[in-house]
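Participant: Next input, structure requested:
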Amino acid sequence: MEKPRVFANPINKKLNNNEDLFRSSKSVIKNNPKDINRKINEIFASTDHVYKSRVKITLKDKVLEVDLIGKTNLNLLTLDGGLIRITDILDIEKI
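Facilitator: Numbers count the residues shown, from 1 in each chain. Below is the predicted model of the structure:
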């Protein structure tokens, strides 16, 4: 079976419809709830999570290093009795 022939017009000039270089002084972290929930579920489902897991949590205004012991639909439970709202979390990673 023969493929159809397509004419591709050659581009013989420099296109200026995009930026060549972009610099930013601020880093932007997007809060994707599905991604955060996936990371939280992976932490609790890992084979080395028996009772607690040491994690680094980046919130809107600070960074925490805590021991997670459980979760509810809205909060993470820490070993020292604290609650961390899942909607306030920008990033979470296991230490």
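Participant: For the longest strand along the chain, give me every contacting residue.
Facilitator: Using DSSP state E, we find that the single longest strand of the chain is strand 63-71. Residues from elsewhere that reach strand 63-71 (CB atoms under 8 Å, 6 or more residues apart in numbering): 40, 43-44, 51-57, 76-80, 82, 84, 86, 95. Backbone N, C-alpha and C define where each C-beta goes, glycine included.
Participant: switch the cut-off to 7 Å
Facilitator: With contact meaning CB atoms under 7 Å, 6 or more residues apart in numbering, strand 63-71 is reached by 40, 43-44, 51-57, 76-79, 95.
Participant: Show me which residues of that strand are buried.
Facilitator: For strand 63-71, the neighbour count (16 or more other CB atoms under 10 Å) marks 66, 68-69, 71 as buried.
Participant: now do stretch 56-63
Facilitator: Ile57.
Participant: what separates Ile95 from Lys62, distance-wise?
Facilitator: Distance of Ile95 to Lys62, computed by CB to CB, to the nearest Å: 16 Å.
Participant: lowest-confidence helix or strand of the chain?
Facilitator: Every helix and strand in the chain was compared by mean pLDDT, DSSP states H and E; the lowest is helix 33-45, with a mean of 90.
Participant: returning to that earlier point: among the contacts of strand 63-71, pick out the one closest to Glu2, please.
Facilitator: Ile40 (53.4 Å; CB to CB).
Participant: Go ahead and confirm that closest one touches Glu93.
Facilitator: No. Applying CB atoms under 7 Å, one finds Ile40 not in contact with Glu93, separated by 10.8 Å.
Participant: Looking at the two, which is more packed in?
Facilitator: For Ile40 versus Glu93, the count of surrounding residues by other CB atoms under 10 Å is larger for Ile40: 18 against 10.
Participant: Please name the residues that touch that one.
Facilitator: Per CB under 7 Å, 6+ apart, neighbours of Ile40: 71, 92.
Participant: How about Leu76?
Facilitator: Leu76 sits next to 68, 84, 86 when contact means CB under 7 Å, 6+ apart.
Participant: possible to save these as TSV with pLDDT and distance to Lys34?
Facilitator: Listed next are the contacts of Leu76 as TSV, based on pLDDT from 0 to 100; distance: CB to CB, whole Å:
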residue	pLDDT	distance to Lys34
Leu68	94	19
Ile84	94	18
Ile86	92	12
